[in-house]
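A.B. asks: Let's see this in three dimensions:
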Amino acid sequence: MRVSSWISAIGMTSLLAAMFLAGCATGPTVRVDQDAAADMSKYHTFGFYRGGGTGKPGYSTLTATRLKDATIRELERLGYRHDESNPDLLVNITANVAERVDVKKTPATAVGPYGYRVAAFRGWTGGAYDIDVRQYKAGTLVIDLIDAGQKQLVWRGIAEGELNKSKQQDPAGTIDAAVTGIFAKFAAS
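C.D. replies: Got it, this is the predicted structure:
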């Protein structure tokens with residue numbers, strides 16, 4: 001598996017300022033995957049993968065700093081120690097925002113002649129359907145934990161969700177919520 005830079009090189013400030021997550025109050029959908037053979041109890045320290053910076057040449061974006069700070073906070077809360085000089089685990093963070101289109105076809109519910117619902121006879125009449133098209137932005141945050149010695153992925157957490165305006169207006173809070181949600185699943189795995 002090729003390990004990319006700890007923040008992918010997509011315009012991160014605009015990307016994640018809009019990012020996280022969730023059109024609903026419950027937050028992003030979070031899932032995890034773990035190498036079944038990995039003994040997570042042998043890891044005590046972590047650092048960040050150095051594979052090309054933060055996506056901006058020569059400086060760190062606000063989003064990259066927020067992601068890194070939230071990850072440090074959560075891993076330290078779980079008992080790991082931040083050590084860039086000799087870490088047991090390397091953290092790699094990537095993010096993506098994509099435009100999505102949701103198309104739904106539903107039977108029309110108009111009332112026809114004699115008060116009958118058109119939808120009630122659709123199978124026989126080949127009646128009309130309503131087509132609803134909704135465009136939205138969806139965000140994905142991936143946090144990988146890599147065995148520093150073997151350079152092998154041992155754990156991955158993914159948060160995905162629809163971006164909405166309130167999440168775009170509070171990038172720090174939404175980043176914190178997504179990272180916290182991912183590491184809540186890490187503690188449970």
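
A.B. asks: Select the longest helix from this structure.
C.D. replies: What stands out as the longest helix in the chain, according to DSSP state H, is helix 171-188.

A.B. asks: Format the CA atom coordinates belonging to that one as CSV.
C.D. replies: What follows is helix 171-188, C-alpha atoms only, in CSV (Å, rounded to 0.1, in the frame of the first residue of the first chain):
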residue,chain,number,x,y,z
PRO,A,171,-14.6,24.1,10.6
ALA,A,172,-12.7,23.7,13.9
GLY,A,173,-15.8,22.2,15.6
THR,A,174,-16.6,19.9,12.8
ILE,A,175,-13.0,18.7,12.4
ASP,A,176,-12.9,18.0,16.2
ALA,A,177,-16.2,16.0,16.0
ALA,A,178,-15.0,13.9,13.0
VAL,A,179,-11.7,13.1,14.6
THR,A,180,-13.3,12.3,18.0
GLY,A,181,-15.8,10.0,16.3
ILE,A,182,-13.1,8.1,14.5
PHE,A,183,-11.0,7.6,17.6
ALA,A,184,-14.1,6.6,19.6
LYS,A,185,-14.3,3.6,17.2
PHE,A,186,-10.5,3.0,17.7
ALA,A,187,-11.0,2.7,21.5
ALA,A,188,-13.8,0.2,20.8
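
A.B. asks: Check which residues of that helix are buried.
C.D. replies: For helix 171-188, a neighbour-count test (16 or more other Cβ atoms under 10 Å) marks 171, 174-183, 185-186 as buried. Using the backbone N, CA and C atoms, a C-beta is placed for each residue, glycine as well.

A.B. asks: Save those residues as TSV, and put in distance to residue 39 and pLDDT too.
C.D. replies: TSV is the format used below for the buried residues of helix 171-188 (distance: Cβ to Cβ, whole Å; pLDDT from 0 to 100):
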residue	distance to residue 39	pLDDT
171	36	82
174	33	84
175	30	90
176	29	92
177	30	91
178	27	93
179	24	95
180	25	95
181	25	94
182	21	96
183	19	96
185	18	92
186	15	89
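
A.B. asks: Export these to a markdown table and append columns for distance to residue 91.
C.D. replies: Formatted as a markdown table, the buried residues of helix 171-188 follow (distance: Cβ to Cβ, whole Å):
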| residue | distance to residue 91 |
| --- | --- |
| 171 | 20 |
| 174 | 19 |
| 175 | 15 |
| 176 | 16 |
| 177 | 18 |
| 178 | 15 |
| 179 | 11 |
| 180 | 15 |
| 181 | 16 |
| 182 | 11 |
| 183 | 11 |
| 185 | 15 |
| 186 | 11 |
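
A.B. asks: quick one: which of those residues is nearest residue 64?
C.D. replies: Nearest to residue 64 out of the buried residues of helix 171-188 is residue 175 (Cβ to Cβ; 10.2 Å).

A.B. asks: and the closest residue in space to the closest one that isn't next to it in sequence, which of the three is it?
C.D. replies: The shortest distance from residue 175 to any non-neighbouring residue, by Cβ to Cβ, 6 or more residues apart in numbering, is to residue 66 (4.7 Å). What DSSP: H, G, I helix; E, B strand; the rest coil gives for residue 66 is helix.
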